[in-house]
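Asker: After the sequence you'll find the predicted model.
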Amino acid sequence: MILGKISEILEAAVVTNPGNLDKDIKWAFSTDLLSNVLFYFIPDSLLLTGLIHPQVVRAAEVANIDGIVFVQGKKPEAETIALANEKKITLLVTPFCMYTASGKLYQAGLEGFPEL
């Protein structure tokens, strides 16, 4: 599923890298634990989180994550936005809580990570 479609489903605002909305995303997962981000190292993936600090982008870069969705309308810090622009990671902000956002994406056909 492309990031643009994900943005539509989640009624999300695109904060960074709108040119990447044609990027194909194969997997998604939801967490507020950065150790989980680093454990699930799968390319072409999307992270849903409530964490808005720059360390989220750093972890996403290491884990090869192409997009981050901030839930509950949380707006990322200026440093987070600058780092995401530098690393070419798309940031989205959805008004939905993590549970609802994850459910909407799953219902639309975006799968969670396979069992490791």
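Answerer: Alright, I've got the coordinates.
Asker: contacts and neighbour counts: CA atoms only from here.
Answerer: OK.
Asker: so Leu38 sits right up against Ile65, yeah?
Answerer: No: checked against CA atoms under 8 Å, the pair Leu38 and Ile65 is beyond contact range at 10.0 Å.
Asker: Which one of the two is surrounded by more residues?
Answerer: Applying other CA atoms under 10 Å to Leu38 and Ile65 shows that Ile65 carries more neighbours, namely 26 against 16.
Asker: contacting residues for Asn20?
Answerer: The contact partners of Asn20, by CA atoms under 8 Å, 6 or more residues apart in numbering, come to Leu3, Thr90.
Asker: redo that, cut-off 10 Å
Answerer: By CA atoms under 10 Å, 6 or more residues apart in numbering, the contact set of Asn20 is Ile2, Leu3, Gly4, Asp66, Gly67, Lys88, Ile89, Thr90.
Asker: Closest one of the residues you listed to Asn17?
Answerer: Thr90 (5.1 Å; CA to CA).
Asker: Distance check, the closest one against Leu21.
Answerer: Counting by CA to CA, to the nearest Å, the separation of Thr90 from Leu21 is 8 Å.
Asker: Need the residues touching each of Leu38 and Ile65.
Answerer: Common contacts of Leu38 and Ile65 (CA under 10 Å, 6+ apart): Ala59.
Asker: sorry, back to before: which of the contacts of Asn20 has the largest number of neighbours?
Answerer: Neighbour count (other CA under 10 Å) singles out Gly67 as the most crowded of the contacts of Asn20, with 28 neighbours.
Asker: so that residue sits in a helix?
Answerer: No: the assignment for Gly67 by DSSP: H, G, I helix; E, B strand; the rest coil gives strand, which leaves it out of any helix.
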